[in-house]
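# Any chance you could fold what I've pasted below:
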Amino acid sequence: PRMWQSRFQSWQIDIVATKKELDDSFLFCPIVGHVGDGNFHTVIAFDPNDPKESHEAHRLNRLMVHRAISMDGTCTGEHGIGIGKKEYLVPELGENAVELMKTVKRALDPNNILNPGKIVDVE
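Below you'll find the predicted structure:
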């Protein structure tokens, strides 16, 4: 119970800090999801053709990802890495873990035909 309480308080601080950053933005950014387990989702509504909005949306995303990783969380939540978050794999998992993933990818997919460019880049 004490560990859960400490962890829950940490999540509350994270959610409150993130909510403030989102509220301070000029973009519409509601938080949705199941925050009781420390996992929440943010919808950042922006026009990808507007450089100012695009820059702000990516800035907010970086803030949330770095906060999650600093709290021993993950950049992915319950969703996969894909293309959008693979740059955060090394900060989250470490160079050795990512190199191992690349080794497994090369062994199982030597021609790099299965989802090339997703999760890790292999040469």
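
# Please count neighbours and contacts with C-alpha atoms only from this point.
OK.

# can you map out the helices along this structure?
2-24, 51-70, 89-93, 95-108 (DSSP state H).

# Same list (those helices) but as a markdown table, adding mean neighbour count, mean pLDDT and distance to residue 122.
Putting those into a markdown table (neighbours: other Cα atoms under 10 Å; pLDDT from 0 to 100; distance: least, Cα to Cα, whole Å) gives the following:
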| stretch | mean neighbour count | mean pLDDT | distance to residue 122 |
| --- | --- | --- | --- |
| helix 2-24 | 14 | 73 | 34 |
| helix 51-70 | 16 | 93 | 24 |
| helix 89-93 | 15 | 92 | 14 |
| helix 95-108 | 14 | 96 | 6 |
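
# ok, residue 49 to residue 27 distance?
14 Å (Cα to Cα, to the nearest Å).

# what about those two, which has more around it?
Comparing residue 49 with residue 27 by neighbour count (other Cα atoms under 10 Å), the higher total belongs to residue 27, at 17 against 8.

# In this structure that one contacts residue 43, no?
No: Residue 27 sits out of contact with residue 43 when judged by Cα atoms under 8 Å, with a separation of 10.0 Å.

# returning to what we had before: including distance to residue 31, could the helices of the chain go into CSV?
Shown next, in CSV, are the helices of the chain (distance: least, Cα to Cα, whole Å):
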stretch, distance to residue 31
helix 2-24, 7
helix 51-70, 12
helix 89-93, 23
helix 95-108, 30
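
# Nearest approach to residue 118 belongs to which of those helices?
Closest to residue 118 of the helices of the chain is helix 95-108 (Cα to Cα; 10.6 Å).

# Pull that closest one out as PDB, backbone CA atoms only.
The C-alpha trace of helix 95-108 is given here as PDB (Å, rounded to 0.1, in the frame of the first residue of the first chain):
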ATOM      1  CA  GLU A  95      22.000   1.600 -26.300                       C
ATOM      2  CA  ASN A  96      22.600  -2.000 -25.400                       C
ATOM      3  CA  ALA A  97      18.900  -2.900 -25.500                       C
ATOM      4  CA  VAL A  98      18.400  -1.100 -28.800                       C
ATOM      5  CA  GLU A  99      21.400  -2.800 -30.300                       C
ATOM      6  CA  LEU A 100      20.000  -6.200 -29.200                       C
ATOM      7  CA  MET A 101      16.700  -5.300 -30.900                       C
ATOM      8  CA  LYS A 102      18.600  -4.500 -34.100                       C
ATOM      9  CA  THR A 103      20.500  -7.900 -33.900                       C
ATOM     10  CA  VAL A 104      17.200  -9.800 -33.600                       C
ATOM     11  CA  LYS A 105      15.700  -7.800 -36.500                       C
ATOM     12  CA  ARG A 106      18.700  -8.600 -38.700                       C
ATOM     13  CA  ALA A 107      18.600 -12.300 -37.700                       C
ATOM     14  CA  LEU A 108      14.900 -12.700 -38.300                       C
END
